[in-house]
Each structure stands twice: as C-alpha cells, then as structure tokens.
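K.L.:
test case, fold it:
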Amino acid sequence: MAHAASRLVNAAEQLLGAPLPVRVRAWDGSQAGPPGAPVIVVRNRRALRRVLFKPGELGLARAWVSGDLDIEGDLYTALGALAGPLWEHDDDAEGRSLARTLRDPAARAAVRELVRLVGPPLPPAPPREEIRRRRHLHTRRTDKRAISHHYDVGNDFYELILGPSMVYSCAYWEDGGSLETAQRDKLGLVAAKLGLRPGQRLLDVGCGWGSMAIHAAREHGVSVVGVTISQEQAALARKRVAEEGLTDRVEIRVQDYRDVRDGPYDAISSIGMAEHVGAERYLDYARDLYGLLKPGGRLLNHQIARRPRRDETEYEVDAFIDSYVFPDGELAPVGTTVTQLERAGFEVRDVESLREHYARTLRSWVTNLEGDWERAMRLAGPGRARVWRLYMAASALAFERNQIGVNQVLAVRTPESGTSGLPARTRTWNT
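P.N.:
As a prediction, this is how the structure comes out:
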C-alpha cells in the first residue's frame, strides 16, 4: 500500500496530540515526517500489530527486539526526541493515561486508521527474549530465575561490553582516562570507604565476575567471600581468582546472601545488587547484612535510585526493563534506602551521588557493543543484543536527565559506645 508512512505519521500525531519529532520510513518505501530528523524504520505491518495489541512501551519494545522496528541515525538523538511524547508522562498509571487518550474522538479515529493500515489484527507472539512477568515475590527460586535471565547470557558477551575489567556497575571518572581506569578507580573508592586493611574479612554480596573481590585481596590484603547466584558469573570469577594466584584469600560461592552464616565480617560491599532485592524484602536485606558485620563494621551499598513519586503506591516497574532486562528488579528513592538501612540498625555516614558517572559508563558500554556488533549478535543472538543496546542507551539518557540516579551509601554498625571508627570529615577517607 502506497504512502503508508504518511498515514502512520498522521495517526501518531493524532494520538500524541503533537507533531512527531522523528521521520518514518514504512515497509512500502514511503517516508514522512520532518526532514533531517532521526528515522524510525517500520519494517512490516507486524510492528504495528505489536503496538496495537500492547499499547505503550512494551509493544514498542517487542517491535524493537524482534527487529520489526529500527532506528537509522544516532540512537541517542532518536531516543531523546521520542522521550517527551512517549515516555515522559506524569505519575498516573499508563492504563489510565491510555484510557483518557482514547476518550478523544480524534485518538479513536487514529486507532481505527492504524487497524485498517495493518490488516487482520492477529496478535504476534512476543519475542523469545521476553520473560513471562509474574508478581514480584523475591523468593530464592524466583530471584535465581531472574538473575539467570540477566547474567547467564554468556561471559564472552559481557566481556565484549564491559571490557577487561568485567565490572558491571557505574565507573568513577576523573578528567580523561579510559573505562578500565575509571572502573579501577571505582573499586579503589569502595575499598577506601570501607577502610580495608590486611587481615580483615570482606563479604562481597552479588560479586559478579569477581572484580571487587580480586581488587580487595590483591591491593588491600583482605580475605574475601564473594557470593552470587549466577552459575556463569561464579565460574568465570573463580577462574580469574586462580589466574591472579588469590585462591588462598578469595572464595567465590554460588550462594544467596540470605544463606550466608559465617559472619562476622569487618566489611560488606554490595555493588549493583540491591536493585534485585525488592521493596518488600529490603528491610530484611538490610538486617541480614547488619547481622553479618562486626560492631564497627562498614557497609558500602552502591545502588540505582529513582525519583520519588507523589503517590508511592502508584510506582510500577518499567515494562521493558521487567520483561527483557532485569525481571523483578525494583528501584527506590535514595531516601527510602537510607531509611531502611537506619531501621535495620545502621548509622548512615555518607551518601555520594555518581549519577553523571553512570551516564558516561553506559555510553562507553554502548560504544563497545556497537563497535563489535556482528560478534555481539553471534554471542547472544540478535534479539538479546538489541535489548542491551536499547536498555543501555536509554538508561544513559535517563541518568543524564536526572530521571534516575545512583548512590554509594556508607553505613556503619556503630557499637553502643558510639565510636564509628570513621574520620570526622568522612570525605577525606583517611583510614
């Protein structure tokens, strides 16, 4: 059918109530929209069926992951242009916003036009990369399933993205410097905040591929227990520990943090793990870690945060992230995290935002992924590679725009004497 792009743009503008900020190229070769703008490529009618049967972010995500929808030109520019009309909405739930939209006669006419354009409205099956979403139980079994979905993708795929550091969390950037240097500096910052010294015991919760454990043992002479519930992470972490000659000081376990019973520890690092805990379990998480520390022991909790909502009961996990990236992941405002740590008994001594640092880290990871795109698709499959490209690029923009943040919270199991063991001016990090 000729001129499909014009019909798509007209219908989209009726639904959005605003000009479409991107250009559209449809399956029939037609184009419409502002010249010079990023191009959204609608490869087939199936892309529209996905959106019609699942309006909003999830339908668009399914079209993107399956390859039915693509972007030509700079991905960040396109996502930035689309963010306003598509994703930057108020605190109302998506369903109610959609219901209000469809009460508009022009919007209903636009939907009818889309239905005519795509033909028989048979719902396409979701891409195989989509995990079936369930209520967020955060049991040991459901957490293991969620972690496996995200991390057991293949160590080679992650090394392509992360680089040799194999650190899957926000780096700490000085002026200039490489991703590797920034990740080394982040591990050094964590160690300094924890005041690591030879002879101490460190528990690294959610140890990933062992980078923090290796750094702490090699650079600070501590004994480390690292726990993860990802089999693939543990296998590579153990290999890396052995190659560093640190098997006498580093133990990597496939173990849920809730099952660790061999405290007390002098320090605990939890870097990019607490997002998986869930709001209902967070106080238990904090109490578990508190109970594993010696009096005077320190916790460094490095965690992504979201902006608070006017009504916290209306918080919903991002549909794309929940279905394709971090199943059962939940974000909380940093104030909520601090409150829960204090309720568990901790004294919170320092909160440092690294928001801009994470945006830069994510852009570096996207560069690595795009720079070896064909290999990435071979390693993880085209759909999975597309998931990670979209997730990391969109996340970079979200950090840059202060829609989400990341914070290092330093907390102490301060003894009854009140002696925290920290310097009066914490940011000097004298130990």
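
K.L.:
all strands for the stretch 251-400 of the chain, in order.
P.N.:
265-271, 293-306, 347-353 (DSSP state E, counting those that start in this stretch).

K.L.:
all strands of the stretch 51-200 of the chain, in order?
P.N.:
Under DSSP E, counting those that start in this stretch, the stretch 51-200 of the chain gives strands at 69-72.

K.L.:
where does the prediction get shaky in it?
P.N.:
Applying pLDDT under 70 to the stretch 51-200 of the chain picks out residues 84-103, 120-121, 133-138, 140-152.

K.L.:
nearest to residue 239, out of the strands of the stretch 251-400 of the chain?
P.N.:
Taking Cβ to Cβ, strand 265-271 is the member of the strands of the stretch 251-400 of the chain nearest to residue 239, at 20.2 Å. For every residue, glycine as well, the C-beta is placed using N, CA and C.

K.L.:
contacting residues around that closest one?
P.N.:
Applying Cβ atoms under 8 Å, 6 or more residues apart in numbering, the external contacts of strand 265-271 come out as 169, 190, 194-196, 200-206, 208, 212, 216, 222, 225, 289, 292-294, 297-303.

K.L.:
out of those, which end up buried?
P.N.:
Neighbour-count burial (16 or more other Cβ atoms under 10 Å) applied to the contacts of strand 265-271 gives 169, 190, 194-196, 200-206, 208, 212, 216, 222, 225, 289, 292-293, 297-303.

K.L.:
which of those fall in helices?
P.N.:
Among the buried ones among the contacts of strand 265-271, the members falling in helices (DSSP state H) are 190, 194, 212, 216, 289, 292.

K.L.:
and which of those is nearest to residue 264?
P.N.:
Nearest to residue 264 among those is residue 292, at 6.4 Å by Cβ to Cβ.

K.L.:
give me every residue that touches that closest one.
P.N.:
203, 260, 263, 264, 265, 268.

K.L.:
of the residues you listed, buried ones?
P.N.:
Buried subset of the contacts of residue 292 (neighbour count, 16+ other Cβ under 10 Å): 203, 260, 263, 265, 268.

K.L.:
flag whichever of those scores worst on pLDDT.
P.N.:
Ranked by pLDDT, the buried ones among the contacts of residue 292 bottom out at residue 263, which has 93.

K.L.:
distance of the nearest residue to it once chain neighbours are set aside relative to residue 265?
P.N.:
Leaving out its chain neighbours, the residue that sits closest to residue 263 by Cβ to Cβ, 6 or more residues apart in numbering is residue 292, at 3.8 Å. For residue 292, the distance to residue 265 (Cβ to Cβ, to the nearest Å) stands at 6 Å.

K.L.:
with residue 336 instead?
P.N.:
Distance of residue 336 to residue 265, computed by Cβ to Cβ: 25 Å.

K.L.:
check residue 179 too.
P.N.:
Distance, residue 179 to residue 265, by Cβ to Cβ: 30 Å.

K.L.:
what do you get for residue 231?
P.N.:
24 Å.

K.L.:
before we move on, what about residue 345?
P.N.:
15 Å.

K.L.:
tally up the residues packed near the residue nearest to residue 215 when sequence neighbours are not counted, please.
P.N.:
Setting aside the residues directly before and after it, residue 215 is nearest to residue 187 in space (Cβ to Cβ, 6+ apart), at 4.2 Å. Residue 187: 23 surrounding residues under other Cβ atoms under 10 Å.

K.L.:
check contacts around residue 187.
P.N.:
By Cβ under 8 Å, 6+ apart, residue 187 lies in contact with 167, 211, 212, 215, 216.

K.L.:
one more: residue 186?
P.N.:
By Cβ under 8 Å, 6+ apart, the neighbours of residue 186 are 167, 169, 170, 171, 172.

K.L.:
wait, the third one touches residue 302, no?
P.N.:
Yep, that's residue 170 we're talking about. Yes: if you go by Cβ atoms under 8 Å, residue 170 and residue 302 touch, sitting 7.3 Å apart.

K.L.:
shared neighbours, the two?
P.N.:
By Cβ under 8 Å, 6+ apart, residue 170 and residue 302 have these common neighbours: 272, 406.

K.L.:
could you measure from the nearest residue to residue 344 once chain neighbours are set aside over to residue 411?
P.N.:
Leaving aside its sequence neighbours, residue 344 sits nearest to residue 286 (Cβ to Cβ, 6+ apart; 3.5 Å). Distance of residue 286 to residue 411, computed by Cβ to Cβ: 9 Å.

K.L.:
equivalent analysis for residue 193, please.
P.N.:
Distance of residue 193 to residue 411, computed by Cβ to Cβ: 10 Å.

K.L.:
now the common contact residues for those two.
P.N.:
Jointly contacting residue 193 and residue 411 under the rule Cβ under 8 Å, 6+ apart are residue 298.

K.L.:
what's the neighbour count on the residue lying closest to residue 196 once chain neighbours are set aside?
P.N.:
Leaving aside its sequence neighbours, residue 196 sits nearest to residue 220 (Cβ to Cβ, 6+ apart; 4.0 Å). Using other Cβ under 10 Å, residue 220 has 21 other residues around it.

K.L.:
hmm, residue 419 is touching residue 296, no?
P.N.:
Yes: the pair residue 419 and residue 296 qualifies as a contact (Cβ under 8 Å) at a distance of 7.1 Å.

K.L.:
of these two, give the one with the bigger neighbour count.
P.N.:
Higher neighbour count among residue 419 and residue 296: residue 296, with 16 against 11, using other Cβ under 10 Å.

K.L.:
OK, contacts around that one?
P.N.:
Contacts for residue 296 (Cβ under 8 Å, 6+ apart) come out as 412, 413, 414, 415, 419, 420, 421.

K.L.:
understood, closing this out.
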